[in-house]
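Q: Based on what follows, work out the 3D shape:
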Amino acid sequence: MIHRTETLAQKLEDVDAADPFIITPQPDLTKLKDAGAASVDLRLGSWFSELKRTRMEILDIRDKTPEKPEAMMVKKHYVPFGGKFILHPRSFVLGVTLEWLRLPANLAGYVTSRSSWGRRGLIIATASGVHPGFSGCLTLELTNVGEIPIALYPGTDICQFFIHQTSDAMAAVDQSPLIGQRQPRLGTVYMDEFALSLSTYGSGVK
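A: Sure, this is the predicted structure:
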């Protein structure tokens, strides 16, 4: 976690640092200081993406047909502030944080659900981690595992973002193609040569 002598709020205050940690809109730093929290709450943005069920019979990463453009696979929704997105039971949608983040080369992070949402059936996740040097809005994976629809309002607190200090030896800057995103993205899923070789061996193909 962040070194004990430097709090999360102090990291965010030091905007003039050579390699600053930035969250914009900036959270309430006084509230962060008073709470002594190791995480900061992030808000839900206005963009949502869901897979077009009528366009795909199955998600199969071994499908050799040319990959469809994301625009053909995903239906996007823009919900203005004051509006709401209804997430039905057993439904899944990609959301995005309202905040734009920039991590310096010596910080990494991860997102967790807020327990207040989880107790209502909303499970929130993101990629396995946020790497040093990342900049952009975070894509959130939202699933309603409850029995009743949930209304999601852009601008509300939706998740917690935890920060970890990394050593200088590990401070490689993220070069992911997802850097700089403002809308939720699917990303790419594929089988590499090693996985394909295992599949071929298991099927008995020589």
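
Q: after the worst-scoring helix or strand of the chain on mean pLDDT comes which helix or strand?
A: Ranking every helix and strand in the chain by mean pLDDT, DSSP states H and E puts helix 70-73 at the bottom, with a mean of 60. On the C-terminal side of helix 70-73, the nearest following helix or strand under DSSP states H and E is strand 74-78.

Q: Residues touching the longest strand belonging to the chain, excluding its own?
A: Longest strand in the chain, counting residues (DSSP state E): strand 157-165. By CB atoms under 8 Å, 6 or more residues apart in numbering, the residues outside strand 157-165 that reach it are 1-3, 8, 11, 21, 38-44, 95, 97, 101, 106-114, 117, 124, 126, 130, 138, 140, 152. (Each C-beta comes from the backbone N, C-alpha and C, glycine too.)

Q: Which residues are in contact with the closest residue to residue 36 other than its chain neighbours?
A: Nearest residue to residue 36, sequence neighbours excluded (CB to CB, 6 or more residues apart in numbering): residue 7, at 7.3 Å. Shown in contact with residue 7 (CB under 8 Å, 6+ apart): 32, 33, 36.

Q: Per-residue pLDDT of residue 37, please?
A: At residue 37, the pLDDT value in this model is 74.

Q: Assumed it was part of a strand.
A: No - using DSSP: H, G, I helix; E, B strand; the rest coil, the secondary structure at residue 37 is coil, not a strand.

Q: give me phi/psi at the residue nearest to it when sequence neighbours are not counted?
A: Of all residues not flanking residue 37 in the chain, residue 8 sits nearest, at 6.6 Å (CB to CB, 6+ apart). Note on residue 8: backbone dihedrals following degrees, to the nearest 10 are phi -60, psi -40.

Q: Strands along this structure, start to end?
A: 22-24, 39-43, 47-51, 74-78, 85-87, 92-96, 100-102, 107-113, 122-125, 135-136, 139-144, 150-152, 157-165.

Q: name the helices or strands packed onto the second one?
A: When contacts are defined as 3 or more CB pairs under 8 Å, 6 or more residues apart in numbering; DSSP states H and E, strand 39-43 packs onto helix 8-13, strand 157-165.

Q: Of those, which shows the lowest average pLDDT?
A: helix 8-13 (a mean of 86).

Q: what helices or strands is it leaning on?
A: Under the contact rule (3+ CB pairs under 8 Å, 6+ apart), helix 8-13 is packed against helix 29-35, strand 39-43.

Q: buried stuff in that helix?
A: 8, 9, 11, 12, 13 (16 or more other CB atoms under 10 Å).

Q: Identify the residues contacting that helix?
A: Contacts of helix 8-13 (CB under 8 Å, 6+ apart): 2, 21-23, 26-27, 29, 32-33, 37-40, 107, 163.

Q: Can you tell me which of those has the most neighbours?
A: residue 40 (25 neighbours; other CB atoms under 10 Å).

Q: quick one: low-confidence parts of the chain?
A: Across the chain, residues meeting the criterion (pLDDT under 70) sit at 1-6, 53-57, 59, 61-73, 126-128, 168-192, 194-196, 198-206.
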